[in-house]
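Q: Give me a model of this one.
(2 chains)
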Amino acid sequence: MTADSTQISHHIEVEHLWKVFGRNPMSALAPENVEKSRSEIQSEFDQVVALKDVSFNVKRGETFVVMGLSGSGKSTLVRCLIRLIEATSGSILVEDEDVTLLNEKSLRDFRRTKISMVFQNFGLLPHRNVMENACYGLEIKNISKDERHEKAQRMLDLVGLNGWENSRVSQLSGGMQQRVGLARALAVEPEILLMDEPFSGLDPLIRRQMRSELAELQKEIKKTMVFITHDLDEAVTVGDRIAIMRDGEIIQMGTPQEIILNPVDDFVTEFTEDVSKDRILNASSICVNPDLIWTHSEDLNKLKDHVNKVNPRHIAFVNESGSSLGILMRDSVEQSKVKEDLDRMLKDSPAPISSSSNVKPAISKLADSETPIPVVDAKNHLLGVITQSSILNALAE
Amino acid sequence: MSTRDKEITDSKEDTSGSGSRRLNSGLKKFYFPTAVVLSVVVLSMMIHEAGFEYALDFPKKIFGVDTSKEIEGFLDDSVDWIVINFGGFFDAVSDAIKVILGKLRDLLIWIPWPVMMGLVFVIGWKIASFRIAIMSVVGLIVLAAVNLWEPTMVTVAIMMVSVFLSIIIGVPTGILAAKSDAVDTGIRPVLDTMQTMPSFVYLVPGIMLFGLGNVGAIFATVLYALPPCIRLTNLGIRQVDESVVEAGRSFGSSDMQLLVKIQIPMAIPTIMAGINQTVMMALAMSTIAAMVGAGGLGIEVLRAMGQLKEGEAIIAGCAIVILAIIIDRISQGYVDKRVS
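A: As a prediction, the model looks like this:
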């Protein structure tokens, strides 16, 4: 296993965050109100609870998606993280510093250096051209013109807007405008990127394109990202972990697989119904135990005897430390005369796939040949196999 | 028979019956106004008949106090006090304005008319459009042809000084009102009152503090033209797209940075509309100011009317209109150009 996960401190820790709108927000803050629903609190205290006792953590470099329908509180939540909306109570720790307690100057510094945001409506300045817009965050920091042009240019190139620097913002399509917004946010080199439904204002074709471009970009820049959306497909494509919100609270939080395969209630089930499973299934969730595991050795006859006794359809070969060497169908084993034959065939057998990777490539491989595919962990230890039937069973669920 | 009578009576008084109710409510509308008119007539006649002095002539003294005298006296004393204590200040301001106005007027008159027309043409073209530039020059030619060039230049000088003062007072005030809800609430009734007051009323403080002449006129004009400038600057800034301001804030902009980099640039069209109104009101006022001794086109109208030279009066009046159109088109053209 990689480094002990308790040592990776969370980049963002949100604890017991409440946001209440009304003339007397504090009145709705009693601990017993956690159990009450938004509508109950509204009728009892005449205050609107936008966020109810929200807690979650975001790891460094993780893309954390907050998903929900309109009115679920997701936009309020992301705005609280940057204090465009002031939370009523609770704490937001970024590297052990509570954002909610920052004074005005510290908040400005926080916004200028550690965090930036991309908006659904782009939020571009119409009286400036593309370059001037991308430079905005740097201009606020009083960085010299040459330096900020250089930094902004790099980001504009990164998002694919090279050549458009002098265009007026109004001349750009929606997708391009949002790229400017993204370049602007990236130009200040923040540690945290907040994205409030950045693609919701674009048409579906562009949306899909932007989504995959963002995923690619994220592989390169590895920013800690909090991504708001109402589209489950988007959440699943972009997110490492997803939090589903309803009526101001998080009702389920986990990896895309966990949410889709183990929805916590009917609401989540309905929400996730439409996602095509093959996109989110990973190898570990559908692999099964091999019919036979054999530690590869000199003794071919011993293997053949064992095969006759056990009658497996396929045999998974491992070495002494448990690393996968390959999988062969039964008749391949029976037909081989010497160990070298096995070695040769094992070399040609399907390559293993890692337990966390998506299952889609495996499907196409299995369409061509029956031979199961080994599933391994990060150290190449055999965890299981994927067969044609195991995939079909998983998809049928 | 008696039952039938009862039925008839019942239906008349029965307000739930739809037919009779319609008739009743139709007439009922007039009951109150009729009652009021009758009461007024009857009461008035009665009082005249009886000869009640108190009701016929409002008493000069209430509890032994002569009210109008007292109020007048108080106001007289107040103005005197202001003039005595701040007279030096007002004189200084007055002198400064006189000098500036005089220099400006001399400058405008010194520039030969072809040069001036060329200038107006260039300005009109640059700021608005070619068509407007041509139209403005034609208008100026008309003004010169009827021998009103100098008075026009004087009016323009008065306007320029007034508009300049209005802008340097109005725009910052508008910005302040946009940033502070307290200022906005406090200033709104003042602006409302100022815009309701007839323009003539402004001349009163003008003359009182600065005497007859151009300076008093300028003072009155500034006051008159101020409200739209403040109002529209305030509105323009407040109406800037909230999502852009939010984005600006998210990058750590200070309030001043938000104002200078986002709010003001985006509010310019509205602010310019306010300045356009200010200019037009300044023109209107400066012609009225002719009545208190200001120079320019206004006095030409008055003079001509006083001398019963209707033709000249009409021409001077039209000249004012032409000037108004030229200025309006150019400043409006600026607003339109920016918006498109």
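
Q: Nearest spatial neighbour of residue 337, chain-adjacent residues omitted?
A: You didn't say which chain, so I picked chain A. Sequence neighbours aside, residue A:300 is the residue nearest to residue A:337 in space, at 7.9 Å (criterion: CB to CB, 6 or more residues apart in numbering or on different chains). Every residue, glycine included, has its C-beta placed from N, CA and C.

Q: Oops, wrong one, chain B.
A: By the measure of CB to CB, 6+ apart, the closest residue to residue B:337 outside its immediate chain neighbours is residue B:128, 6.7 Å from it.

Q: Residue B:79 now?
A: residue B:208 (5.8 Å).

Q: How many residues are close by the one you found?
A: By the criterion of other CB atoms under 10 Å in any protein chain shown, residue B:208 has 14 neighbours.

Q: Could you give the average pLDDT over stretch A:309-320?
A: Stretch A:309-320 shows a mean pLDDT of 87.

Q: Identify each buried residue in it, please.
A: Under the neighbour-count criterion of 16 or more other CB atoms under 10 Å in any protein chain shown, stretch A:309-320 has A:312, A:314-318 buried.

Q: among those, which are in strands?
A: Mapping these onto strands (DSSP state E) picks out A:314-318.

Q: so what's the residue in the stretch 201-350 of chain A that chain B sits nearest to up against?
A: With CB to the nearest CB as the measure, residue A:201 is the residue of the stretch 201-350 of chain A nearest to chain B, at 11.0 Å. By CB atoms under 8 Å, 6 or more residues apart in numbering or on different chains, residue A:201 lies in contact with A:120-122, A:174, A:178.

Q: Contacting chain B as well, which ones from these?
A: By CB under 8 Å from any CB of the partner chain, the members of the contacts of residue A:201 lying near chain B are residue A:121.

Q: I'd like to know which of the contacts of residue A:201 are buried.
A: A:120-122, A:178.

Q: Mind checking which of those residues land in helices?
A: Taking DSSP state H, the ones among the buried ones among the contacts of residue A:201 that sit in helices are residue A:178.

Q: so how far is whichever strand or helix holds residue A:80 from its chain's centroid?
A: Here residue A:80 is covered by helix A:74-81, with elements defined by DSSP states H and E. Computed by CA atoms, centre = their mean, to the nearest Å, the chain-centroid distance of helix A:74-81 equals 18 Å.

Q: for residue A:90, phi and psi?
A: As for residue A:90, its main-chain torsions (degrees, to the nearest 10) stand at phi 110, psi 180.

Q: Quick one: neighbours of it, just the number.
A: 19.

Q: Quick one: residues in contact with the helix holding residue A:80.
A: Applying CB under 8 Å, 6+ apart, the contact partners of helix A:74-81 are A:12, A:14, A:17, A:19, A:50-51, A:54, A:66-68, A:85-87, A:92, A:99, A:115, A:117, A:192, A:194, A:196-197, A:226, A:228, A:230, A:245.

Q: which ones are touching the residue of chain A found nearest chain B?
A: Of all residues in chain A, residue A:123 sits closest to chain B, at 2.8 Å by CB to the nearest CB. Contact partners of residue A:123, counting by CB under 8 Å, 6+ apart, are A:181, B:243-244, B:246-248, B:250.

Q: before we move on, what about residue B:123?
A: Contacts of residue B:123 by CB under 8 Å, 6+ apart are B:133, B:330.

Q: about what we covered before: of the contacts of residue A:123, grab the buried ones for ChimeraX.
A: Buried residues among the contacts of residue A:123 (16+ other CB under 10 Å), as a ChimeraX selection:
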select /A:181 /B:244,246,247,248,250
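
Q: quick one: which of the contacts of residue A:123 is nearest to residue A:272?
A: The closest of these to residue A:272 turns out to be residue A:181 (CB to CB; 29.2 Å).

Q: List the contacts of the helix or strand hosting the closest one.
A: Residue A:181 is part of helix A:174-187 when elements are defined by DSSP H and E. With contacts defined as CB under 8 Å, 6+ apart, helix A:174-187 is touched by A:116-119, A:122-124, A:130, A:133-138, A:148, A:151-152, A:154-156, A:158-161, A:164, A:169, A:172, A:193, A:198-199, A:201-203, A:206, A:209-210, A:214, A:221, B:247, B:251.

Q: Stretch A:375-385 now?
A: Against stretch A:375-385 from outside (CB under 8 Å, 6+ apart): A:1-2, A:283-284, A:287-290, A:293, A:314, A:316, A:318, A:321-324, A:327, A:352-355, A:372-374, A:386.

Q: From those residues, list just the buried residues.
A: By neighbour count, with 16+ other CB under 10 Å, the contacts of stretch A:375-385 hold A:283-284, A:287-288, A:290, A:293, A:314, A:316, A:318, A:323-324, A:327, A:352-353, A:355, A:372-374, A:386 as buried.

Q: how about the ones in strands among the buried residues of stretch A:309-320 in a markdown table, adding distance to residue B:256?
A: Formatted as a markdown table, these follow (distance: CB to CB, whole Å):
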| residue | distance to residue B:256 |
| --- | --- |
| A:314 | 72 |
| A:315 | 75 |
| A:316 | 69 |
| A:317 | 72 |
| A:318 | 68 |
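
Q: where does the stretch 1-150 of chain A come near chain B, residue by residue?
A: Residues of the stretch 1-150 of chain A lying near chain B by CB under 8 Å from any CB: A:82, A:84, A:107-113, A:116-117, A:119, A:121, A:123-127, A:136-137, A:139-141.

Q: Residue in the stretch 1-150 of chain B with the shortest distance to chain A?
A: Counting by CB to the nearest CB, the stretch 1-150 of chain B gets nearest chain A through residue B:127, at 17.8 Å.

Q: Where does the closest residue to that residue other than its chain neighbours sit, in terms of helix or strand?
A: Nearest in space to residue B:127, with sequence neighbours left out and distances taken as CB to CB, 6+ apart, is residue B:334 at 4.7 Å. If you go by DSSP H and E, residue B:334 is part of helix B:310-339.

Q: what helices or strands is that helix leaning on?
A: If contacts are counted by 3 or more CB pairs under 8 Å, 6 or more residues apart in numbering or on different chains; DSSP states H and E, helix B:310-339 sits against helix B:113-127, helix B:130-145, helix B:149-179, helix B:264-288, helix B:297-306.

Q: Report the buried residues of that helix.
A: Buried residues in helix B:310-339 (16+ other CB under 10 Å): B:312-313, B:315-320, B:322-324, B:326-327, B:329-335.

Q: Residues of the stretch 201-340 of chain B that sit close to chain A?
A: Counting by CB under 8 Å from any CB, the stretch 201-340 of chain B sits next to chain A at B:243-244, B:246-254, B:257, B:261-262, B:265-266.

Q: if you set the cut-off to 10 Å instead, what comes out?
A: Proximity of the stretch 201-340 of chain B to chain A, by CB under 10 Å from any CB of the partner chain, involves residues B:241-255, B:257-258, B:261-262, B:265-266, B:268, B:338.

Q: Return the list of strands paired to the following helix or strand past the helix holding residue A:181, each annotated with direction.
A: Using DSSP H and E, the next helix or strand after helix A:174-187 towards the C-terminus is strand A:192-196. Partners of strand A:192-196 in the sheet, by DSSP bridges, are strand A:115-118 (parallel), strand A:224-229 (parallel).

Q: Off-centre distance for the helix or strand that comes right after the shortest one?
A: Read that as strand A:115-118. Downstream of strand A:115-118, the first helix or strand assigned by DSSP H and E is helix A:130-134. Relative to its chain's centre, helix A:130-134 lies at 29 Å (CA atoms, centre = their mean).

Q: Show me the contact partners of helix A:130-134.
A: Helix A:130-134 is contacted by residues A:122-128, A:139, A:148-149, A:151-156, A:159, A:161, A:163-169, A:171-172, A:176-177, A:179-187, B:247, B:261 when judged by CB atoms under 10 Å, 6 or more residues apart in numbering or on different chains.

Q: and residue 58, what pLDDT?
A: I'll assume chain A. 93.

Q: ah, I was thinking of chain B
A: pLDDT, residue B:58: 80.

Q: And for residue A:2?
A: Taking residue A:2 on its own, its pLDDT is 44.

Q: can you check residue B:16 too?
A: 52.

Q: Need the distance between the two termini of stretch A:93-110.
A: Stretch A:93-110 has its terminal residues 12 Å apart, counting by CA to CA, to the nearest Å.
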